[in-house]
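1. A predicted structure for the sequence below; I have some questions about it.
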Amino acid sequence: MTLDLPFIWAGLIAFAVLAYVILDGFDLGVGILFPFVKGERNRDEMMNSVAPVWDGNETWLVLGGGGLFAVFPLAYAIIMPAFYAPITIMLLGLIFRGVAFEFRWKTKRGQFLWDWAFAGGSTIAAFAQGVALGALVQGIPVVGRAYSGGWWDWLTPFSLLTGLALVIGYALLGATWLIWKTENHVQRRAYDIAFWVAPATLVLIGLVSAWTPLLNAVYMHKWFSWPHVLLAVPIPALVLVAAIVLLKGLTERREVSPFLASLSLFVLCFVGLGVSFYPHIVPNSVTIWDAAAPDNSLAFLLVGAVVLVPIILAYTAYSYWVFRGKVNAVGGYH
Amino acid sequence: MGLVMDLFDPLVLARIQFAFTVSFHIIFPAFSIGLASYLAVLNGLGLWTGRSVFVDLFNYWKKIFAVAFGMGVVSGIVMSYQFGTNWSVFSDKVGPVLGPLMGYEVLSAFFLEAGFLGVMLFGRERVGPRLHFLATLMVAFGTFFSAFWILSVNSWMQTPAGYAINANGQFIATDWWAVVFNPSFPYRLVHMLLAAYLTTAFVVGAVGALHLLRDRSNQAARIMFSMAMWMAAIVAPIQIFAGDFHGLNTLEHQPAKVMAMEGHYDSHPDGAPLILFGIPNPAEKRIDYAIQIPKLSSLILKHDLNAPLAGLDTIPVDKQPPVAIVFWSFRIMIAIGFAMLGLGIWSLWLRYRGRLYDTPWMHRAAILLGPSGFIAVLAGWITTEVGRQPYTVYGLLTTAQSASPIAAAAVGASLIAFIVVYFALFGAGTYYILRPMNKPPHPHEPGLDPDEPIRAGGIMPAPAMDAAGALQPAE
């Protein structure tokens, strides 16, 4: 039996991207919500709730990007130029918010600047990611082994909608994370915000889901033909369940279930995207087998990944365990 | 006119963008590779001798390491996307060979970050000194492994080996061992690691010297200055030899680069001169106002005064690197190398006379040379990267063939954005690195500010919870 290495790697890369989206999602979300919570101590508390983990979360982005380069170089070579502007903007946004974690504590006078860098960088990075995702779903023109579209092709009403959806979605993740990890004023504000962004996220998920099959006959075909239709029922049904758990958790002032329900929404949307994409990595033009590097490259890196990724996951889980419980403004956990 | 026209060429803009982002990035790893090892040594000495001054020094430099490492991480994320955005054809063609190497770099860096950085930064009181020392060692090893893989990637591009080319025009690996340990890799790795150690040593030396000028009895300042000067005296000469070996290796595999470094436009059939200084004149293909020592270049490169050396006249014009940049950057690197050696020798003499800590001119010189390592590292990389033009994969793929099909406006706009953002943010970061250096190290040097949050990807070991939990009543 020979292993289907491109398939295995597609699963690993998809996992890395999902890990990135849900992990960095909530810490970007905390940044997005920064302007909506006033008071230096409250903001200290918000930042402290993600400070120990954001760096590790962001490394999944490097793993996703680096992994794409290593195992699907053709996809990397097509997608990156196609999303030149959103990717550059995302990187700059991530730099702003990343340095804010260090610099905000080094100055009193300039602190408001780093508050803005944190909030602005987080929001811009989230929006650029959403735009790039929407543009990818729309499909990108490919001729030979290169992107053949223009430099503004990524900018469409659909991609702007997905950009907005991701900002609101990350804000929901951030708000429900804060509900879980903080108390008193910050937690109350997080509940207030979640009451707004939870329904907004659900509406946006509905809009994007309804629009996607209309973009392209292939998506329509995938979702509404046998046997795919078997998935077309349970995924929306599960989304509905998660939505109910989320709204119920918020009304009953539960602390953990809103966050878990929000995570589930993201995972389900991601699975839905996977159904739309598979077996393509660049929608409707390049499959994972077209884009894959030769098997010996995939095998060479897989050896390292099989050893190191479980260790990394174990460590990540351990770090969340260590930092369990509520955070307070001076960085202590209790 | 030529430059103005070039600025509308997306290829030139993409090259400037890569040069800018990678030059900014390399400053931080060059420092943190050396500093991680220095921290490991300080920690080990503290453990071994039981002297608290080493712990004070460790805490002093740890704070600086945290900021430098953070900026290295953030500027590194940009690098992993530069290949795709601006060099997509290159990415498609070399991905199967270089991608896995870079994948290993990410995995080892990830492992380091997730595993040990947090313990190193925050954990001494919580895990005990021995485990803490182990964590510091692992961070040092982690920076080494990162450098290992990245330099292997760069070296493969300079001296490709162990590859074949498939039907899609992609490079594929036929022998991973030959790919990773390609001909120039061992030389480049040693040269770069020594450069990182020297860079850090001169920063440490300058900070020590600064505080000796203010108070020559400061014990911690004396120790850091003394350690840095030992590094200068021992490593600078080793580095000059390592650089020489690296140069001989380059002569074997990339002779055109050495011709540009030496300024040899013409071939010398019976012994080539060593051009110390001069002004390259690309139009006339000669070095103006050259100050040269006859036959010395042949002696250095071929170990024979009369050995013939080919010049750029043997290389087709379209396959020559730009001479002036390589010629100058090489000389800057060499000059700094010998200045470092000079300071090292002076320190030995003063040490012998027992006046190492009370010779203000020595301390002023050390402060002057404080940033010299960074300049030398940048000059060295400019030499090797400009010197391998016009290729990305030497002799096989040209830089012009590697670029993305991107309009000049897009590349230019993103370049401007990177320049503005980098200067603003990393300028602030450099200030936050320099500020603690201006404060003298003192006994019972605190660790990181307890008011600051636990950050920088750190993972607090489990006993931390118990310690923290013991202080506060359970909810």
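-> Okay, I see it.

2. residues touching the residue in chain B that chain A sits nearest to, list them.
-> Chain B approaches chain A most closely through residue B:95 (2.3 Å), counting by C-beta to the nearest C-beta. Glycine gets a C-beta too; all of them are placed from N, C-alpha and C. Applying C-beta atoms under 8 Å, 6 or more residues apart in numbering or on different chains to residue B:95 gives the contacts A:69, A:70, A:72, A:73, A:74, A:76, A:77, A:293, A:297, B:170.

3. and what of residue A:245?
-> Residue A:245 sits in contact with A:257, A:260, A:261, A:264, where contact means C-beta under 8 Å, 6+ apart.

4. Within the helices and strands, which one has it?
-> helix A:234-251 (DSSP states H and E).

5. Pull the distance from that helix to the chain's centre.
-> Distance, stretch centre to chain centre, for helix A:234-251: 19 Å (C-alpha atoms, centre = their mean, to the nearest Å).

6. Show me what counts as buried in that helix.
-> Buried positions in helix A:234-251, judged by neighbour count with 16 or more other C-beta atoms under 10 Å in any protein chain shown: A:235, A:238, A:239, A:242, A:243, A:245, A:246, A:247, A:249, A:250.

7. and what of stretch B:225-239?
-> By neighbour count with 16+ other C-beta under 10 Å, stretch B:225-239 contains the buried residues B:225, B:226, B:227, B:228, B:229, B:230, B:231, B:232, B:233, B:235, B:236, B:239.

8. Show residues contacting it.
-> With C-beta under 8 Å, 6+ apart as the test, stretch B:225-239 has contacts from B:38, B:41, B:191, B:194-195, B:197-198, B:201-202, B:204-205, B:208-209, B:212, B:337, B:340-341, B:343-345, B:347-348, B:351, B:356-357, B:363, B:366.

9. show me what contacts residue B:129?
-> Residue B:129 touches B:43, B:46, B:47, counting by C-beta under 8 Å, 6+ apart.

10. try 7 Å this time
-> Residues near residue B:129 by C-beta atoms under 7 Å, 6 or more residues apart in numbering or on different chains: residue B:47.

11. Likewise for residue A:133?
-> By C-beta under 7 Å, 6+ apart, residue A:133 lies in contact with A:162, A:166.

12. Does residue B:290 belong to a helix, a strand or coil?
-> Look at residue B:290: counting by DSSP: H, G, I helix; E, B strand; the rest coil, its state is strand.

13. Could you tell me which ranges of chain A sit under the pLDDT cut-off?
-> Scanning chain A with the threshold set as pLDDT under 70 gives A:1, A:226, A:328-334.

14. show me what contacts the residue of it found nearest chain B?
-> Nearest residue of chain A to chain B (C-beta to the nearest C-beta) works out as residue A:73 at 2.3 Å. Residue A:73 sits next to A:293, B:91, B:92, B:95, B:96, B:99 when contact means C-beta under 7 Å, 6+ apart.

15. Which of those fall within helices?
-> Using DSSP state H, the members of those that fall within helices are B:91, B:92, B:95, B:96, B:99.

16. which one of those residues sits closest to residue A:303?
-> residue B:99 (14.3 Å; C-beta to C-beta).

17. The closest one touches residue A:72, doesn't it?
-> No: Residue B:99 lies out of contact with residue A:72 (C-beta atoms under 7 Å); the separation is 8.8 Å.

18. Among the contacts of residue B:95, which are located in helices?
-> Taking DSSP H, the ones among the contacts of residue B:95 that sit in helices are A:69, A:70, A:73, A:74, A:76, A:77, A:297.

19. Tell me which two of those residues sit farthest apart.
-> Largest separation among these by C-beta to C-beta: A:77 and A:297, giving 14.7 Å.

20. got the contact list for residue A:194?
-> Contacts of residue A:194 (C-beta under 7 Å, 6+ apart): A:172, A:175, A:176, A:179, A:250, A:258.

21. Just put those in TSV and tack on secondary structure and distance to chain B.
-> Shown next, in TSV, are the contacts of residue A:194 (DSSP: H, G, I helix; E, B strand; the rest coil; distance: C-beta to the nearest C-beta, whole Å):
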residue	secondary structure	distance to chain B
A:172	helix	24
A:175	helix	20
A:176	helix	20
A:179	helix	16
A:250	helix	22
A:258	helix	20
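
22. buried subset of the contacts of stretch B:225-239?
-> Listed as buried from the contacts of stretch B:225-239 are B:38, B:41, B:191, B:194-195, B:197-198, B:201-202, B:204-205, B:208-209, B:212, B:337, B:340-341, B:343-344, B:347-348, B:356-357, B:363, B:366; burial here means 16+ other C-beta under 10 Å.

23. Please flag which of those sit within helices.
-> B:38, B:41, B:191, B:194-195, B:197-198, B:201-202, B:204-205, B:208-209, B:212, B:337, B:340-341, B:343-344, B:347-348, B:363, B:366.

24. Show me chain A divided up by domain.
-> A:16-293, A:295-324 (automatic domain parsing).

25. What count of nearby residues applies to the nearest residue to residue A:63 once chain neighbours are set aside?
-> Using C-beta to C-beta, 6 or more residues apart in numbering or on different chains and skipping residues adjacent in sequence, the residue nearest residue A:63 is residue A:16, 4.8 Å away. Residue A:16: 22 surrounding residues under other C-beta atoms under 10 Å in any protein chain shown.

26. other SSEs contacting the host helix or strand of residue A:16?
-> Using DSSP H and E, residue A:16 sits within helix A:5-32. When contacts are defined as 3 or more C-beta pairs under 7 Å, 6 or more residues apart in numbering or on different chains; DSSP states H and E, helix A:5-32 packs onto helix A:40-50, helix A:54-71, helix A:111-138, helix A:157-181, helix A:257-277, helix A:288-291, helix A:295-322.

27. got a markdown table for the domains of chain A, with distance to residue B:152 too?
-> As requested, these are arranged in a markdown table below (distance: least, C-beta to C-beta, whole Å):
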| stretch | distance to residue B:152 |
| --- | --- |
| domain A:16-293 | 14 |
| domain A:295-324 | 13 |
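
28. between these, which one is nearest to residue B:415?
-> domain A:16-293 (9.6 Å).

29. How about the contacts made by residue 97?
-> All of this is about chain A. With C-beta under 7 Å, 6+ apart, residue A:97 has these contacts: A:31, A:117, A:118, A:121, A:122, A:125.

30. Wait, chain B was what I had in mind.
-> B:156, B:163, B:171, B:172, B:173, B:179.
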